[in-house]
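# Sequence first, then the predicted structure:
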Amino acid sequence: MSNTEQNRETSKALWQALYERDWDRVGSLFAVDGLYQDVPTPDMGATGPAAIARRLRIGHEPVERHEHHTERIVAEGNCVITEHREDWYFHTGEVVKLPFTSIHEYNDRGEITLWRDYWDLSTLMNNAPAWWLEHVMSADGEEFGSKEDA
């Protein structure tokens, strides 16, 4: 299997682990200095497997369930691009249908070195419940992944 195909399969494995809420498995797919960024947010993102897993847990764990709809996955060299939509179902009845474009870059060892998510902040802010927004906003920068564990 070529590196490009392996990278594509690793991206698929990331989506599977994410929606199974296997935060440690998601983190294990990243290089030690791997970076995850939600582009529309003002923070710098999370660096390193533990910080990335922690950031995802804070945002995703309170959501009752997710549905993932993949439109396409394009892989070339060390880059995999996924066009997809996440449907977030909250226990309080709200549903957010959030389109994404996600970029994954890989090193020669097949580890993710960069994950950038492009999505519309207003779609999330206007449809997510206030309690969830308060939960995410209450996480301090270190807790939300701006620093890796020492």
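Received, thanks.
# Which residue lies nearest the spatial centre of this protein?
Centroid check for the chain by CA atoms, centre = their mean gives Leu56 as the closest residue, at 6.3 Å.
# you'd agree Tyr106 is up against Asn3?
Yes: using CB atoms under 8 Å as the test, Tyr106 is close enough to Asn3 to be in contact (7.5 Å). Where C-beta positions appear, they are placed from N, C-alpha and C, glycine not excepted.
# Can you pick out the residue with more neighbours from these two?
For the pair Tyr106 and Asn3, the greater number of neighbours falls to Tyr106 (25 against 13), based on other CB atoms under 10 Å.
# For beta bridges, what are the partners of the more buried one?
Using DSSP bridges, the beta-bridge partners of Tyr106 come out as Ile112.
# How much space separates it from Glu9?
Note on Tyr106: its distance to Glu9, by CB to CB, to the nearest Å, is 11 Å.
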